[in-house]
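[1] below are the sequence and a predicted model; questions follow.
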Amino acid sequence: MSDCIFCKIVDGSIPSKKVYEDEKIIAIYDLEPQAPVHCLVIPKQHICCANAIDETNSEIVAHIFAKIPEITKSLGLENGYRIVNNCGDDGCQTVKHIHFHILGGKKLDNKMA
């Protein structure tokens, strides 16, 4: 999508600080971190949100979750972390390209809202 900021990060037209990259996904540091360690895991394939996951693209989400332990280990998150996905306007999804936040580096608040 030509107007999607994450698609532009994936294609290299917007620079980012990469944590991890392979043929299917990219992980980058969040520009407005909410924890000492805060990165985003983004599929290279544009999928607008969790509601758009189906049998044709669910393998990318499986790939993301298979790679998260490797990514978190590289970030030094040995004592745990949180994975967050926002979906839709009420879920505060600001970029309409599915992505997963990894937050850690301290004891996180147990409140989710």
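    Sure thing, it's come through. Because the structure is predicted, anything quoted here is derived from the model rather than measured. Numbering: from 1, shown residues only.
[2] list of residues touching the longest helix along the chain?
    In the chain, assigned by DSSP state H, the helix with the most residues is helix 58-74. Residues from elsewhere that reach helix 58-74 (Cβ atoms under 8 Å, 6 or more residues apart in numbering): 19-20, 22, 24-25, 27, 39, 41, 43, 45, 47, 53, 81, 83, 98, 100, 102, 104. Just so you know, the C-beta spots here come from the backbone N, C-alpha and C atoms, and that holds for glycine as well.
[3] give the buried subset of those residues as a PyMOL selection command.
    The PyMOL selection below is limited to those of the contacts of helix 58-74 classed as buried (16 or more other Cβ atoms under 10 Å):
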select buried, resi 19+20+25+27+39+41+43+47+81+98+100+102+104
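[4] residue 26 versus the nearest residue to residue 81 once chain neighbours are set aside, what's the distance?
    Of all residues not flanking residue 81 in the chain, residue 104 sits nearest, at 3.4 Å (Cβ to Cβ, 6 or more residues apart in numbering). Using Cβ to Cβ, to the nearest Å, residue 104 is found at 19 Å from residue 26.
[5] got it, and residue 111?
    Separation of residue 111 from residue 26 (Cβ to Cβ): 30 Å.
[6] between those two, point out the one with more neighbours.
    residue 26 (19 against 5; other Cβ atoms under 10 Å).
[7] chain center to the helix or strand in which the more buried one is found: distance?
    Per DSSP states H and E: residue 26 is located in strand 25-29. Centroid separation between strand 25-29 and its chain, computed with Cα atoms, centre = their mean, to the nearest Å, is 7 Å.
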